[in-house]
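S.K.: sequence? don't have it. structure:
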């Protein structure tokens, strides 16, 4: 990609952790691997033979996001988000790359985390609220 068609409004966090996706129509659960995430969307790869997602298909995603901590440490926060497959690309004969749009955004921007103490305290307060 050359970035000419870039529509993203925030930096995305690049990481490779498992993500579990449920096809809302069939209830079928499958595992993928996270590629990147923002507060409003996530991209992941999954095996083409396990999943046949199409754009606009309703899904539920279960995943963890690393949180930057003090002194270079990090914690992990688990999320479940409903949404839909926004884009499905064939990477090769085995893998698909899916971009999913969340209906409800995350309570923070994963790719724009900083590790200063004031930001961490504010982030922890947001994440410990009942809606987080």
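M.R.: Nice, thanks for sending it over. No experiment lies behind these values; they were computed from the predicted model shown.
S.K.: partners of the lengthiest strand in the chain in the sheet?
M.R.: The longest strand of the chain (DSSP state E) is strand 74-90. Partners of strand 74-90 in the sheet, by DSSP bridges, are strand 58-68 (antiparallel), strand 95-102 (antiparallel).
S.K.: Quick one: the strands in this protein, in order.
M.R.: For the chain, strands defined by DSSP E occupy the ranges 13-14, 18-23, 29-37, 41-47, 58-68, 74-90, 95-102.
S.K.: who wins for proximity to residue 110 among the ones you listed?
M.R.: strand 13-14 (3.9 Å; Cβ to Cβ). C-beta here means a position set from N, CA and C on the backbone, and glycine is covered the same way.
S.K.: Spit out the contact partners of the residue nearest the centre of the chain.
M.R.: Geometric centre of the chain, nearest residue: residue 42, 3.3 Å, by Cα atoms, centre = their mean. Shown in contact with residue 42 (Cβ atoms under 8 Å, 6 or more residues apart in numbering): 19, 34, 35, 36, 61, 63, 99, 100, 102.
S.K.: Which members of the residues you listed are the farthest-apart pair?
M.R.: Across those, no pair lies farther apart than 35 and 102, at 15.2 Å, counting by Cβ to Cβ.
S.K.: quick one: contacts for residue 62?
M.R.: 19, 20, 21, 22, 78, 79, 80.
S.K.: Now with 10 Å, please.
M.R.: 18, 19, 20, 21, 22, 29, 31, 78, 79, 80, 81 (Cβ atoms under 10 Å, 6 or more residues apart in numbering).
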